[in-house]
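what shape does this take:
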Amino acid sequence: MTVTLLLAIYCCCDGADDPTLGFTEVPLNPSNMVILKPYDVPVDQRYSFINGTHRMWVYADDKPEAPGSNTQPRTEIRIVGLDYSSGVWQFEGHGFVPNGTSGATVAQIHGAAHGNTTLLLRIYAPGEMRYYSSLHVADGMYDRWFRLNMIHDVDGGKVTVFLDGEQKFQYHDQGPGDLFFKCGVYGAPANISYYMESRWRDIKIYRK
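Purely as a prediction, here's the structure:
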């Protein structure tokens, strides 16, 4: 199948590159990180921050973020105060997904002209990362720390995913909108594990 038919580009590079070259880091402090979690439980029952690591977990039968919402359970960090609608923006973070977590979005770009999101990166057993529930991004994601870089070229209409400095995926975006980054765990609409968890550290935001 050709790249044109897929509208996606998969790349396995011979050596790692630094995807942040040419970008400027944007100041990020705790006030830029809001924790989203099931509305009926305290934050400390679904989130911890110890020794620089954000740990987020959720159960398949948890409540949604807000009463009356029909969304799936989640515990996520939502980057606030750095929403964007043009230019080139980048999320960087070091993530860890324990074995057994499946059907969980662990990082995303929220907002789009068409639909609610531009990019969802989900983990499925046996440790596969996918674009939403379909296109393959990477294998071997369980029980190891990985460096994730998500780059959104709004004006160019594309998103690019790097893992450990290697470009793994590129795809068209869903059009401009009120855009922002999130990471954590958010259950997919179907085929999710009962327990879902991810951990994040060294979160940074860049722009051109």
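
list the buried residues of the top strand by length along the chain.
The longest strand of the chain (DSSP state E) is strand 195-207. Residues 196-200, 203-206 are the ones in strand 195-207 that count as buried (16 or more other C-beta atoms under 10 Å). (Each C-beta comes from the backbone N, C-alpha and C, glycine too.)

please render those residues as JSON lines that adds pLDDT and distance to residue 134 to the earlier fields.
As requested, those are exported to JSON lines (pLDDT from 0 to 100; distance: C-beta to C-beta, whole Å):
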{"residue": "196", "pLDDT": "98", "distance to residue 134": "19"}
{"residue": "197", "pLDDT": "98", "distance to residue 134": "23"}
{"residue": "198", "pLDDT": "98", "distance to residue 134": "20"}
{"residue": "199", "pLDDT": "98", "distance to residue 134": "26"}
{"residue": "200", "pLDDT": "99", "distance to residue 134": "24"}
{"residue": "203", "pLDDT": "98", "distance to residue 134": "27"}
{"residue": "204", "pLDDT": "98", "distance to residue 134": "29"}
{"residue": "205", "pLDDT": "98", "distance to residue 134": "27"}
{"residue": "206", "pLDDT": "98", "distance to residue 134": "28"}
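
between these, which sits nearest residue 174?
residue 205 (20.1 Å; C-beta to C-beta).

who touches that closest one in this structure?
25-26, 28, 32, 79, 82, 89-92, 181 (C-beta atoms under 8 Å, 6 or more residues apart in numbering).

need the max-distance pair from these.
32 and 90, at 14.9 Å, using C-beta to C-beta across the contacts of residue 205.

so which of those two has more stuff around it?
Higher neighbour count among residue 32 and residue 90: residue 90, with 24 against 16, using other C-beta atoms under 10 Å.

the more buried one bridge partners, please.
residue 151, residue 206 (DSSP bridges).

touching, it and residue 162? I think so.
No: between residue 90 and residue 162 there is no contact under C-beta atoms under 8 Å: 9.3 Å.

quick one: common contacting residues for these two?
19, 149-151.

what distance do you get for the most centrally placed residue in the chain to residue 42?
What sits nearest the mean C-alpha location of the chain, by C-alpha atoms, centre = their mean, is residue 107, with 1.0 Å. According to C-beta to C-beta, to the nearest Å, residue 107 stands 24 Å off from residue 42.

pick out the most distant pair among the shared contacts of residue 90 and residue 162.
Among those, the pair separated by the greatest distance (C-beta to C-beta) is 19 and 150, which sit 9.3 Å apart.
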